[in-house]
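K.L.:
next comes the sequence, and after it the predicted model I'd like to discuss.
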Amino acid sequence: MAYTFQFRDVFAQKAAIVDGLVLTLELSAGTIVLGFAVGVLAAAALVYGKPWLRKAAGVYVESIRNTPLIVQLFLVFFGLPNLGVTLDAITASMITLTINLGAYTAEIVRAGFESVPRSQIEAGVSLGMTGPQVFRHVVLLPALKNVYPSLTSQFVLMMLATSVVSQISAAELFHAGSIIQSRTFRDFEVYTVIAVLYLALSLLMRAGFGVCYRIFFRR
Amino acid sequence: MIRELSLTDVEYLLLAMRWTIALTALALAGGGTIGLIVAACGASGRMLPRYLARGYVGLVQGIPLLVWLFLFYFGLSIFGYNLPPWVAATLGFSVYAGAFLGEIWRGALLSIPKTQWEAGRSIGLTFIEQLRHVIIPQAIRVAIPPTVGFTVQLVKNTSLAAVIGFVELTREGQLTTAATYQPFAVYLIVAALYFCVCYSLSRYAGALERSRRVAR
């Protein structure tokens, strides 16, 4: 055990780490916004859709939730060119992560929709609210409030999962780590730094979502 | 040399699934042991074990699995152990599974009414004895459906072991792609194989959950 830890070489590559961090943040933010939208639509289709729509949404959610993210990513990035669709690494990452998060969000939000009692919806209708009004005020907001903890945990897990797109060489935080590793050969130090950054990001996100809860669901 | 994708390739992919399943089993064994300790600490009345358990779970769940795998893979070689990928993968996945199983099982332990703990204490059982004879036998029924559900996550996540060179289903897919240059077909087959295992497990978890609700 004569190993000397040397973090200096790693910190000398700060620029690469910062660039990676920025892309990780962009990918996470983009995926969360788009994936949330896809998920709410898919959940609405699952609960309130016509039978064929329900079936289609069910196939989407189950096929995504029961296959690994990395395989979905390879299918989009390496596989689609076989069919004549070539995407750059970041576009392929955005698309795959959004589709992936959409399916997990759908399953969580579906549980939220089902937690709203039918009598509440009837009460909304009897007050003369239109369909979209009922959906927004009576179904969506209470449903989101009920599933808020699991939804935001899923978002944090998604941020961590963006590290997988390093495998199609999208230059996010983990990829920056691999680059620095190949430049400095300080494997353990590099990944310790990367680990601390991810941990800080996930703690910040959890704190942020806690503040958001108080803003959105104050009553 | 590029060759056609043949039935032999599909056969090799099927065989590679054994390693996916083996890694899942190893991770369940290692993670189950850690998870049991984490759950017992998390459910205990004392402050210190509770904080330690919460710290462990927060640490593991706040860092990507990919980073954990690399830390074990490179970290152990620093300390002079040159371990094959499967050992690093088993350790990495055990640590990861231990946190998630610990959380699930802690919830199951806490779902047992407080009176059951008190009854155990009143007949003079120690904390471990209360767990062993009173709480765990009841908590198992609560814990099994989400544990099977987590196994689905584990099966899917073992795909990341491909990155440190452990040849399981996804790595075999990469190797087949390199030889045949048919990534779309190959990864579709790989995805289908994962789907078969995970979907049956998911359905089983759902059925267990429903039968538990009926039983109550």
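P.N.:
Structure received.

K.L.:
could you pull out the helices for chain A?
P.N.:
Remark: helices assigned in chain A by DSSP state H are A:8-11, A:14-48, A:51-65, A:69-74, A:89-114, A:118-126, A:131-133, A:141-161, A:173-184, A:187-216.

K.L.:
sorry, that was for chain B
P.N.:
Counting by DSSP H, the helices of chain B are B:7-43, B:47-61, B:65-78, B:85-110, B:114-122, B:127-129, B:136-157, B:169-180, B:183-215.

K.L.:
against chain A, how distant is B:Gly82?
P.N.:
For residue B:82 the amino acid is Asn, not Gly. The gap separating B:Asn82 from chain A is 13 Å, by CB to the nearest CB, to the nearest Å. (C-beta placed from N, C-alpha, C; glycine too.)

K.L.:
repeat for B:Ala139
P.N.:
Distance from B:Ala139 to chain A, by CB to the nearest CB: 21 Å.

K.L.:
just for the chain, where's the confidence low?
P.N.:
Defaulting to chain A. When residues are selected by pLDDT under 70, those of chain A lie in A:1-2, A:219.

K.L.:
that's the wrong chain, I wanted chain B
P.N.:
Using pLDDT under 70, chain B drops low at B:1-2, B:215-216.

K.L.:
which residue packs closest to A:Leu203, ignoring adjacent ones?
P.N.:
B:Gly62 (6.4 Å; CB to CB, 6 or more residues apart in numbering or on different chains).

K.L.:
OK, contacts around the one you found?
P.N.:
With contact set as CB atoms under 8 Å, 6 or more residues apart in numbering or on different chains, B:Gly62 has these partners: A:Val156, A:Leu160, A:Tyr198, A:Leu199, A:Ser202, A:Leu203.

K.L.:
neighbour count for the residues you listed - can I get that in TSV?
P.N.:
Formatted as TSV, the contacts of B:Gly62 follow (neighbours: other CB atoms under 10 Å in any protein chain shown):
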residue	neighbour count
A:Val156	21
A:Leu160	23
A:Tyr198	24
A:Leu199	19
A:Ser202	20
A:Leu203	13
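
K.L.:
quick check, nearest of these to A:Phe77?
P.N.:
Closest to A:Phe77 out of these is A:Leu160 (19.8 Å), distances taken as CB to CB.

K.L.:
what about A:Val164, neighbour count?
P.N.:
27 (other CB atoms under 10 Å in any protein chain shown).

K.L.:
does it touch A:Leu69 like I think?
P.N.:
Yes: with contact defined as CB atoms under 8 Å, A:Val164 counts as touching A:Leu69 (5.5 Å).

K.L.:
so which bits of chain A are right by chain B?
P.N.:
Contacts of chain A with chain B, taken as CB under 8 Å from any CB of the partner chain, map to A:1, A:3, A:62-63, A:65-72, A:74-75, A:78-83, A:156-157, A:160-161, A:163-164, A:166-167, A:174, A:177, A:187-188, A:191-192, A:194-195, A:198-199, A:202-203.

K.L.:
what subset of these is buried?
P.N.:
Buried by 16 or more other CB atoms under 10 Å in any protein chain shown: A:62, A:65-72, A:74-75, A:78-80, A:82, A:156-157, A:160-161, A:163-164, A:166-167, A:174, A:177, A:187-188, A:191-192, A:194-195, A:198-199, A:202, out of these.

K.L.:
ok, and the closest non-adjacent residue to the spatially most central residue of chain A?
P.N.:
Nearest to the geometric centre of chain A sits A:Met158, at 3.6 Å (CA atoms, centre = their mean). Using CB to CB, 6+ apart and skipping residues adjacent in sequence, the residue nearest A:Met158 is A:Leu101, 5.0 Å away.

K.L.:
roughly how far apart are that neighbour and B:Trp105?
P.N.:
To B:Trp105, A:Leu101 is 27 Å away according to CB to CB, to the nearest Å.

K.L.:
cool, A:Ile121 as well?
P.N.:
For A:Ile121, the distance to B:Trp105 - CB to CB - is 37 Å.

K.L.:
who's more crowded, the two?
P.N.:
Applying other CB under 10 Å to A:Ile121 and B:Trp105 shows that B:Trp105 carries more neighbours, namely 25 against 16.

K.L.:
wait, what's in contact with that one?
P.N.:
Contact analysis of B:Trp105 by CB under 8 Å, 6+ apart lists B:Gly35, B:Leu36, B:Val38, B:Ala39, B:Ala139, B:Ala143, B:Thr147.

K.L.:
A:Ser202 - nearest residue in space that isn't next to it in sequence?
P.N.:
Nearest to A:Ser202 is B:Gly62, by CB to CB, 6+ apart, at 4.0 Å.

K.L.:
what's the closest non-adjacent residue to B:Val57?
P.N.:
That would be B:Ala99: by CB to CB, 6+ apart, it lies 4.7 Å from B:Val57.

K.L.:
what is the burial count for the one you found?
P.N.:
Neighbours of B:Ala99 using other CB under 10 Å come to 23.

K.L.:
wait, it sits on B:Gly55?
P.N.:
No: using CB under 8 Å, B:Ala99 makes no contact with B:Gly55, being 10.5 Å away.

K.L.:
residues touching the closest residue to B:Pro85 other than its chain neighbours, list them.
P.N.:
The shortest distance from B:Pro85 to any non-neighbouring residue, by CB to CB, 6+ apart, is to B:Phe166 (4.2 Å). Residues near B:Phe166 by CB under 8 Å, 6+ apart: B:Trp19, B:Leu23, B:Pro85, B:Trp86, B:Ala89.

K.L.:
return the residues in contact with the last one.
P.N.:
If you count contacts by CB under 8 Å, 6+ apart, B:Ala89 has them with B:Leu23, B:Leu69, B:Phe72, B:Thr158, B:Ala161, B:Ile164, B:Phe166.
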